[in-house]
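J.: from the sequence below, what's the structure:
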Amino acid sequence: MTSVVAESARTTLAGARLKAIIGGSLGNFVEWYDWFAYASFSLYFGKTFFPNGGELDRRLETAAVFAVGFFARPIGAWLMGVYADHRGRKAALVLSVSLMCAGSLIIALAPGYAQVGPLAPVILIAARLVQGLSLGGEYGASAVYVAEMAGRARRGFHSSFLFVTLMVGQLAALGVLIVLQALLTPAQISAFGWRIAFFIGAALALVVWFIQAGLEETSLFRAEDATARRASTVGALLRRQPKEAAMVFVLSGAGALTFYSFTTYMPKFLTGTAHFSRPAATEISAASLMVLMVVQPFFGWLGDTIGRKRLLIFAFAAGALTTWPILTTLAATRDPLAALALISAALICLAAYTAVNGLVKSELFPTELRGLGVALPYALANAIFGGTAELVAEAFKKVGTERGFFVYVSVIAAAACLVAVRMRDTQKTSLIAD
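T.: Here you go, the predicted structure:
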């Protein structure tokens, strides 16, 4: 009888854990759908907000607005990280998805330059700032929530689903683009079709809000007393764990730069440098994202098996050594399958980082600083390296030295590899109580 009760308790715990992990990860899905929708559709709506200049000028302007959203992320990470440590992981999840819903709705309804003149890009920038605040807070809250809900034995495997839902969000945005490209002409997408994607994003955010509002708070947060919760400040983070914050910054910067180079920037690289058509570039990017998504659980499991540190060293060493030959070869290929293979190879190497990155960062910090410690240095690094990836790439291209960008990505990956070599293996030294 005792064994039956124990088995029933284990089954109940496993079910509750699964529900929490899925619910905590869903915010990533909608956040990254909306975030990637901007990158995916910017080729079409650029002229709506930036009618002057040539195609490359418009791409630079929309890339600059994309970067602006990233620079709001550290503010969102700071505010939401403190909020998550003071009020709870669940509360931060619900607030961040609400902001993303608002940002998407503003973009969907935003008037163009023809209607309101210079006010049009101002409205677009304001919407991106709201989305940046949201995304800056979402990552830390969801990474910490899932890490605290997952059991020690399979924490890497479970945490890998954070990036699976992120990929699903990006694939959903690309899927909407592919469908619209099939149903509408390029002129129709540029005129009104791109707005459909942002209406969908706002609706998805509303659905996820209802799901996350019904989640349970983590037991580790509930166990913290009020005094410990008030300890989460930037000053406390820099005073108590400056080394860990610096490691998160470097690892996140290299991961973000590599990720955005081979995802959001890829459709533009494929059309502008490799001379693929827009639909072909979209399909190649979607297929490569599916590859990245599918391998996440494998690398998460591997992190539980051989340790997170080895995965990080592999990811960044491979990035430093292969970025130049992959991008150089990709620039010269005209075969869609070859392009897919090259991009997928880069993303599979990166998956050794993406599958465990949220967990590694969560394991570095104590409960009272975990929300802020994970979110703030990650968001700062993403703003500096991830948000500017496309802008830097286009700037190198404009001055005729595009391969300088390849070197830039390789050097940053090499720096992260050195940090990974020197850091401790958080699988053995995790500060997350089981």
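
J.: in the chain, what secondary structure element scores lowest on mean pLDDT?
T.: helix 226-229 (a mean of 61; mean pLDDT, DSSP states H and E).

J.: and after it, which helix or strand comes next?
T.: helix 234-240 (DSSP states H and E).

J.: list the buried residues of the next helix or strand after that following helix.
T.: Heading C-terminal from helix 234-240, the first helix or strand you meet, by DSSP H and E, is helix 242-262. For helix 242-262, a neighbour-count test (16 or more other CB atoms under 10 Å) marks 244-245, 247-262 as buried. Placement of C-beta: from N, CA and C, glycine included.

J.: ok, now stretch 322-334?
T.: Buried residues in stretch 322-334 (16+ other CB under 10 Å): 322-323, 326-327, 330-331, 333.

J.: from the residues you listed, which land in strands?
T.: Among the buried residues of stretch 322-334, none falls in strands (DSSP state E).

J.: if I look at residue 254, how far off is residue 365?
T.: 20 Å (CB to CB, to the nearest Å).

J.: any idea of the mean pLDDT in stretch 91-105?
T.: What stretch 91-105 shows for mean pLDDT is 85.

J.: name the residues that touch that stretch?
T.: Residues from elsewhere that reach stretch 91-105, judged by CB atoms under 8 Å, 6 or more residues apart in numbering: 24, 27, 30-31, 34, 37, 76, 80-81, 83-84, 127-128, 130-131, 133-135, 137-138, 140-142, 145, 198-199, 201-202, 205-206, 208-209, 212-213, 215, 371.

J.: make it 7 Å
T.: 24, 27, 30-31, 34, 80, 83-84, 127, 130-131, 133-134, 137-138, 141-142, 145, 198, 201-202, 205-206, 208-209, 212-213, 371 (CB atoms under 7 Å, 6 or more residues apart in numbering).

J.: in this protein, which spans are strands?
T.: Using DSSP E, strands in the chain do not occur.

J.: pLDDT weak spots in it?
T.: Regions of the chain meeting the criterion pLDDT under 70 cover residues 1-17, 53-59, 151, 153, 225-231, 431, 433-434.

J.: let's go with 50 and repeat that
T.: Along the chain, segments meeting pLDDT under 50 span 1-2, 4-9, 12.

J.: in the stretch 101-250 of the chain, which spans are helices?
T.: Using DSSP state H, counting those that start in this stretch, the helices found in the stretch 101-250 of the chain span residues 113-116, 119-149, 155-159, 161-183, 186-188, 194-213, 219-223, 226-229, 234-240, 242-262.

J.: looking at those helices, which is nearest to residue 310?
T.: Among the helices of the stretch 101-250 of the chain, the nearest to residue 310 by CB to CB is helix 155-159 (11.7 Å).

J.: of the contacts of stretch 91-105, buried ones?
T.: 24, 27, 30-31, 34, 80, 83-84, 127, 130-131, 133-134, 137-138, 141-142, 145, 198, 201-202, 205, 208-209, 212, 371.

J.: OK, contacts around residue 414?
T.: Contacts of residue 414 (CB under 7 Å, 6+ apart): residue 320.

J.: now do residue 36
T.: Here residue 36 is in contact with 169-170, 173, 264 (CB under 7 Å, 6+ apart).

J.: also residue 34?
T.: 100, 103-104, 131, 201.

J.: hmm, try it at 8 Å
T.: With CB under 8 Å, 6+ apart, residue 34 has these contacts: 100, 103-104, 131, 169, 173, 198, 201, 204-205.

J.: ok, so of these, who is nearest residue 360?
T.: Of all the contacts of residue 34, residue 169 has the smallest distance to residue 360: 21.6 Å, by CB to CB.

J.: wait, that closest one sits on residue 27?
T.: No: counting by CB atoms under 8 Å, residue 169 stays clear of residue 27, with 9.6 Å between them.

J.: quick one on the thing from earlier: turn the contacts of residue 36 into CSV, including neighbour count.
T.: As requested, the contacts of residue 36 are arranged in CSV below (neighbours: other CB atoms under 10 Å):
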residue, neighbour count
169, 25
170, 26
173, 25
264, 22
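
J.: now distance to residue 89 too, for the residues you listed, in TSV please.
T.: Putting these into TSV (distance: CB to CB, whole Å) gives the following:
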residue	distance to residue 89
169	20
170	24
173	26
264	27
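
J.: so how far is residue 183 from the nearest residue to residue 273 once chain neighbours are set aside?
T.: Distance criterion CB to CB, 6 or more residues apart in numbering; nearest residue to residue 273, sequence neighbours excluded, is residue 331 at 5.0 Å. Here the criterion is CB to CB. By it, residue 331 lies 31 Å from residue 183.

J.: one more: residue 306?
T.: Distance of residue 306 to residue 183, computed by CB to CB: 47 Å.
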